[in-house]
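Asks: let's see this in three dimensions:
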Amino acid sequence: MDEYEREALASPDLDDPVLVEGLPGVGHVGKLAVEHLLEEIDSERVERVHSTHFPPQVSVEDGRTELASAEFHAVRPEDGRDLLVLTGDHQAQDSEGHYGLTDTFLDVAEDYGVERVFALGGVPTGELIEEYSVLGAATTDEVVADLEDVGVEFREDEPAGGIVGVSGLLLGLGERRGFDAACLMGETSGYLVDPKSAQAVLEVLQEVVDFDVDYASLEERADEMEEVVRKIQEMDQGTPTASDEDLRYIG
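Replies: Numbering: from 1, shown residues only. Now for the predicted structure:
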């Protein structure tokens with residue numbers, strides 16, 4: 001197997017598509033956001049990328065195995081711009097792999113005529129929050145202005161430590177290759193999977209790219225997570241929960 005190996009699955013015609021990346025990260029914010037997109041809007045899996053820099057494992061579903069990979073999906077909203085959506089269950093295990101995979105992902109984007117890239121992720125606050133802001137970083141002043149118009153915040157020296165992994169490299173390597181790129185980061189505690197932060201990020205992307213998506217299932221998942229958080233807080237405070245059945249919800 002090659003170090004970075006592309007597997008074409010389909011060859012759709014996309015009209016001026018935008019690349020949207022959502023791989024695992026803080027709060028699984030980006031991954032949740034793109035998974036919701038793929039659940040709500042008709043999509044087609046168009047390419048897989050395999051790499052020896054992914055973890056040495058296969059996933060198993062209904063007894064069938066599949067080698068670790070990242071996947072591209074073509075998404076064509078009825079109203080709005082075509083999307084090329086990148087997701088997967090893993091990031092690279094080393095720095096060399098992050099660089100090589102990101103270059104491969106940009107090769108795919110280039111082949112589909114992508115000019116603008118959005119990486120989605122979370123930025124940890126270290127505490128539970130009520131109001132979810134979306135922070136931004138971008139490669140050009142024009143992209144910054146576009147995002148500020150829809151409420152994205154650009155804060156000095158945030159996120160602290162910069163943006164790591166594929167999301168950061170899509171901006172760094174993407175700029176060198178002529179892509180306009182931005183990262184949309186939803187505030188999140190960093191402790192739990194965060195559907196509310198994912199929705200906040202997706203709502204911003206919806207405004208910028210112009211597509212329609214229903215949020216009912218994501219909101220339902222957020223309500224379930226809020227209930228889990230409430231019960232954890234009660235346990236931390238020594239407050240007895242209502243019943244044994246309620247405790248089983250956490251496990």
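
Asks: what is the neighbour count of R76?
Replies: For R76, the count of nearby residues is 18 (other Cβ atoms under 10 Å). To be clear about C-beta, it is placed using only N, CA and C from the backbone, and glycine gets the same treatment.

Asks: now it. Nearest residue, chain neighbours left out?
Replies: D82 (5.3 Å; Cβ to Cβ, 6 or more residues apart in numbering).

Asks: wait, the one you found sits on V20?
Replies: No: assessed by Cβ atoms under 8 Å, D82 is found out of contact with V20, at 10.7 Å.

Asks: looking at these two, which is more packed in?
Replies: Comparing D82 with V20 by neighbour count (other Cβ under 10 Å), the higher total belongs to V20, at 26 against 20.

Asks: what about the stretch 101-250 of the chain, any weak spots by pLDDT?
Replies: Along the stretch 101-250 of the chain, segments meeting pLDDT under 70 span 238-250.

Asks: again, only using 80
Replies: Applying pLDDT under 80 to the stretch 101-250 of the chain picks out residues 228-250.

Asks: where along it do the strands fall?
Replies: Secondary structure of the stretch 101-250 of the chain by DSSP state E, counting those that start in this stretch: the strands cover 116-124, 134-138, 180-188.

Asks: can you list phi and psi of the residue nearest to R76 for me?
Replies: For D82, the backbone dihedrals (degrees, to the nearest 10) come out as phi -70, psi 150.

Asks: against L19, how distant is it?
Replies: From D82 across to L19, the span is 11 Å (Cβ to Cβ, to the nearest Å).

Asks: just H73 next, same as before
Replies: Using Cβ to Cβ, H73 is found at 11 Å from L19.

Asks: who's more crowded, these two?
Replies: Shown here are H73 and L19; by other Cβ under 10 Å, L19 has more neighbours (25 against 22).

Asks: dump the residue contacts of G97.
Replies: 51-54 (Cβ atoms under 8 Å, 6 or more residues apart in numbering).
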